[in-house]
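**Student:** below is the structure, and that's it, no one-letter string:
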């Protein structure tokens with residue numbers, strides 16, 4: 001086999017393998033696209049529900065939930081319809097697609113904004129939301145090639161699961177949810193960045209559909225070519241592309257600096273008696289900075305110069321390096337702070353326990369005071385009403401209050417009952433006993449002492 005025959009057979013093989021003629025049904029694809037463009041009826045409700053689900057996924061940083069919402073939502077049809085309208089010069093289809101794309105956009109914003117206005121969840125680290133606020137040229141590539149896969153899937157005779165993958169890859173829903181989050185929280189950074197990402201996806205999915213429609217020879221409605229319209233399309237694409245290149249350049253620079261810092265620290269972690277304890281990069285402003293935390297011996301001038309030279313080899317200038325040589329001191333201070341916190345917490349617990357004990361003792365004291373008897377007042381009042389009483393002893397035990405009196409002459413039974421009734425009212429007690437003693441000896445005093453408060 002000579003070279004010309006090999007070349008001929010290779011061309012035939014490639015033509016046969018890459019040919020789309022026997023796998024594409026343009027007419028059925030066009031009908032399917034036109035049929036799925038309208039956003040009305042169930043599609044509105046499905047879109048609303050899918051947006052809420054995607055918003056919840058973004059709210060809790062759950063990628064599976066976000067993917068599930070993207071599989072539910074019917075977002076791509078108006079965009080593909082718009083691209084096909086451009087490719088077939090069908091003004092009516094373009095207008096129809098833009099109309100329903102606008103409806104889709106408004107419904108999505110309402111759903112996501114309402115969710116983020118009422119959700120009680122606060123996001124400390126909204127990584128999935130932030131990922132939608134800084135689009136780059138890589139998002140352009142995803143949207144463009146995703147659009148090609150989408151139109152080819154719609155155009156082939158035997159349908160597969162490509163559209164589901166395209167819906168996930170192009171990620172049309174998360175940007176709309178992030179715009180809603182930005183509106184609900186008055187965050188222009190979130191809203192503008194996510195809106196730009198959604199615009200990128202729409203433009204380049206439509207561009208891919210436009211090119212595929214031309215390549216697959218979708219029937220054109222108008223044969224005349226409009227170079228003015230083509231110029232407008234090219235300018236629109238350039239306007240969308242230019243900011244994404246700047247964003248992509250920034251991402252590449254951040255990635256290169258992070259990798260350079262990691263490699264530099266790994267290669268120079270131990271320098272003499274000094275050790276790079278930890279490091280961090282600050283990419284929030286330019287020039288980027290690298291902070292090194294050192295432990296061990298004080299860094300000498302020679303070792304410092306060596307460190308700067310090694311950093312230069314990795315593309316990091318000495319002005320971008322910040323060296324902290326008190327890392328161990330910081331750790332020790334941190335430990336001392338933790339000890340102080342523990343001591344304060346322990347002291348606070350002890351003080352609280354003491355206060356509780358004082359509170360309990362005060363309650364017991366109040367009860368004791370309530371049980372005390374006004375002996376001097378009762379004695380004075382009794383002797384005023386019954387002058388013959390010469391001695392009064394008042395005591396309380398667990399069962400009753402006892403009033404032991406001595407009188408000259410002795411009290412009769414009626415006087416004792418009157419004193420008992422008076423004392424019950426005076427002390428507001430039911431069990432009052434009045435006893436009379438004519439014995440003035442010490443034994444009588446001992447008997448009275450047996451009735452002291454228990």
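**Tutor:** Received it, and whenever you're ready, just let me know what you need. Please read all numbers here as calculations on a predicted model, not as lab measurements.
**Student:** show the contacting residues for the residue nearest to residue 182 when sequence neighbours are not counted.
**Tutor:** Closest residue to residue 182 apart from its sequence neighbours, by Cβ to Cβ, 6 or more residues apart in numbering: residue 191 at 2.9 Å. Where C-beta positions appear, they are placed from N, C-alpha and C, glycine not excepted. By Cβ atoms under 8 Å, 6 or more residues apart in numbering, the contact list for residue 191 reads 178, 179, 181, 182, 183.
**Student:** before we move on, what about residue 57?
**Tutor:** 63, 64, 65, 66, 68, 69, 128.
**Student:** now, which of these sits nearest residue 154?
**Tutor:** residue 69 (21.5 Å; Cβ to Cβ).
**Student:** can you count the residues close to the closest residue to the closest one other than its chain neighbours?
**Tutor:** Of all residues not flanking residue 69 in the chain, residue 54 sits nearest, at 3.6 Å (Cβ to Cβ, 6+ apart). Neighbouring residues of residue 54 were enumerated by other Cβ atoms under 10 Å; the total is 31.
**Student:** same question for the one 4 residues further on.
**Tutor:** Taking other Cβ under 10 Å as the criterion, the count of residues near residue 58 is 29.
**Student:** go ahead and confirm it touches residue 179.
**Tutor:** No. Applying Cβ atoms under 8 Å as the test, residue 58 and residue 179 come out as separate, 11.3 Å apart.
**Student:** which residue ranges of this structure form strands?
**Tutor:** Secondary structure of the chain, counting by DSSP state E: strands at 270-271, 274-282, 289-296, 321-324, 389-396, 401-407, 432-436.
**Student:** tell me which of those strands sits nearest to residue 7.
**Tutor:** When the strands of the chain are compared by Cβ to Cβ, strand 274-282 sits nearest residue 7, at 53.5 Å.
**Student:** walk me through which strands the closest one pairs with, and which way each runs.
**Tutor:** Here strand 274-282 has these sheet partners by DSSP bridges: strand 270-271 (antiparallel), strand 289-296 (antiparallel).
**Student:** just say which of these is most tucked in.
**Tutor:** strand 289-296 (a mean of 19; mean count of other Cβ atoms under 10 Å).
**Student:** contacts for that strand?
**Tutor:** Here strand 289-296 has contacts from 257, 261, 264-265, 273-282, 307, 311, 316, 320-325, 327-328, 330-331, using Cβ under 8 Å, 6+ apart.
**Student:** now, of these, which are buried?
**Tutor:** 257, 261, 264-265, 274, 276-277, 279, 281, 307, 311, 316, 320-321, 323, 325, 327 (16 or more other Cβ atoms under 10 Å).
**Student:** how far away is residue 78 from residue 26?
**Tutor:** Separation of residue 78 from residue 26 (Cβ to Cβ, to the nearest Å) stands at 20 Å.
**Student:** would you map the helices across the stretch 101-250 of the chain?
**Tutor:** For the stretch 101-250 of the chain, the helices defined by DSSP state H, counting those that start in this stretch cover 127-130, 137-155, 162-170, 173-184, 188-215, 227-267.
**Student:** and the residue nearest to residue 405 when sequence neighbours are not counted, bridged to which residues?
**Tutor:** Spatial nearest neighbour of residue 405, excluding adjacent residues (Cβ to Cβ, 6+ apart): residue 389 at 5.1 Å. Here residue 389 sits in beta bridges with residue 407, going by DSSP bridges.
**Student:** who are the contact partners of residue 389?
**Tutor:** 382, 383, 405, 406, 407, 411.
**Student:** out of those residues, who's nearest residue 141?
**Tutor:** residue 382 (107.8 Å).
**Student:** please tell me how far the residue nearest to residue 321 when sequence neighbours are not counted sits from residue 300.
**Tutor:** Using Cβ to Cβ, 6+ apart and skipping residues adjacent in sequence, the residue nearest residue 321 is residue 290, 5.3 Å away. If you measure residue 290 against residue 300 using Cβ to Cβ, the figure is 20 Å.
**Student:** CSV please, covering the contacts of residue 191 and showing distance to residue 158.
**Tutor:** Formatted as CSV, the contacts of residue 191 follow (distance: Cβ to Cβ, whole Å):
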residue, distance to residue 158
178, 36
179, 37
181, 40
182, 42
183, 43
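**Student:** ok so, going back, between the contacts of residue 389, which has the most around it?
**Tutor:** For those, the largest neighbour count, defined by other Cβ under 10 Å, is 24 neighbours, found at residue 405.
**Student:** that one: what's it in contact with?
**Tutor:** 382, 389, 391, 392, 393, 411, 419, 434, 435, 436, 437.
**Student:** what's the neighbour count on residue 239?
**Tutor:** Residue 239: 11 neighbours (other Cβ under 10 Å).
**Student:** so how far is residue 86 from it?
**Tutor:** Taken as Cβ to Cβ, the span from residue 239 to residue 86 is 17 Å.
**Student:** with residue 362 instead?
**Tutor:** Taking Cβ to Cβ, one finds residue 362 at 86 Å from residue 86.
**Student:** between those two, point out the one with more neighbours.
**Tutor:** residue 86 (23 against 10).
**Student:** mind listing what the residue nearest to that one when sequence neighbours are not counted touches?
**Tutor:** Of all residues not flanking residue 86 in the chain, residue 210 sits nearest, at 4.6 Å (Cβ to Cβ, 6+ apart). Going by Cβ under 8 Å, 6+ apart, residue 210 touches 83, 84, 86, 87, 233.
**Student:** out of those, who's the most crowded?
**Tutor:** Top of the contacts of residue 210 by neighbour count (other Cβ under 10 Å): residue 83, with 29 neighbours.
**Student:** on the pLDDT front, check that residue for me.
**Tutor:** Note on residue 83: pLDDT of 86.
**Student:** for it, give me its contacts.
**Tutor:** Counting by Cβ under 8 Å, 6+ apart, residue 83 has contacts 147, 151, 205, 206, 207, 208, 209, 210, 212, 213.
**Student:** can you give the domain ranges for this structure?
**Tutor:** What automatic domain parsing lists as the domains of the chain is 23-224, 255-328, 375-449.
**Student:** of these, flag the one that's most buried.
**Tutor:** domain 23-224 (a mean of 19).
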